[in-house]
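Student: no sequence for this one, just the structure:
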């Protein structure tokens with residue numbers, strides 16, 4: 001059951017969450033940010049909605065600020081309270097995706113082609129790989145494992161978790177540009 005819930009969280013949302021996801025994406029986008037990740041935990045009067053947002057073109061070291069997260073949170077709370085989309089009692093957490101940004105949806109896989117990811121795949125476990133490509137006609141990602149083994153074609157539905165590997169040289173270059 002655990003793998004199923006992880007897979008449902010990662011690639012396919014539980015029934016009814018597709019509409020919530022679409023509404024959150026739209027509202028966050030109108031504020032000028034990108035919805036990077038969404039997780040809903042609990043049910044009934046104990047719902048916890050975790051939302052990660054960032055600038056659409058965020059570069060290492062230039063992510064979203066605490067004040068920006070607070071502004072997104074206030075706006076989402078107004079909507080959630082008005083629509084009672086999660087009921088009358090819920091916890092909303094809005095945060096940065098962090099330096100090890102989640103790679104969650106098809107557009108993320110496409111954007112980060114050529115980058116390294118730490119990935120957990122059903123039936124294979126955790127490993128680090130380079131994103132080679134995303135197949136046009138199918139929801140399949142081609143990954144080149146760092147251990148030198150042959151490239152893998154991984155159905156997106158089998159990806160349980162994926163995060164970018166930190167490119168410390170890019171972080172250092174970014175820091176040097178801002179200090180000059």
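Tutor: Ah, there it is. As the structure is a computational prediction, the values presented were derived from the model and not from experiment. Numbers count the residues shown, from 1 in each chain.

Student: Show the low-confidence segments of this structure, by residue range.
Tutor: Applying pLDDT under 70 to the chain picks out residues 1-16, 59-61, 170-180.

Student: Repeat the analysis, applying 90 as the threshold.
Tutor: The chain contains residues with pLDDT under 90 at 1-20, 40-47, 56-63, 81-90, 98-100, 136-138, 166-180.

Student: Would you state the strands of it in chain order?
Tutor: Ranges of strands in the chain, per DSSP state E, are 34-41, 47-54, 90-95, 116-121, 125-134, 140-145, 152-155, 159-164.

Student: will you turn the ones you listed into TSV that also has distance to residue 83?
Tutor: All C-beta spots, glycine's among them, are computed from the backbone N, C-alpha and C. Shown next, in TSV, are these (distance: least, Cβ to Cβ, whole Å):
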stretch	distance to residue 83
strand 34-41	15
strand 47-54	13
strand 90-95	12
strand 116-121	34
strand 125-134	34
strand 140-145	35
strand 152-155	34
strand 159-164	30
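
Student: out of these, which comes closest to residue 80?
Tutor: strand 90-95 (6.6 Å; Cβ to Cβ).

Student: Partner strands of that closest one, with direction?
Tutor: Paired neighbours of strand 90-95 in the sheet (DSSP bridges): strand 47-54 (parallel).

Student: and the closest residue to residue 141 other than its chain neighbours, how far is that from residue 63?
Tutor: Excluding the flanking residues, the one nearest residue 141 by Cβ to Cβ, 6 or more residues apart in numbering is residue 154, at 5.0 Å. Using Cβ to Cβ, to the nearest Å, residue 154 is found at 28 Å from residue 63.
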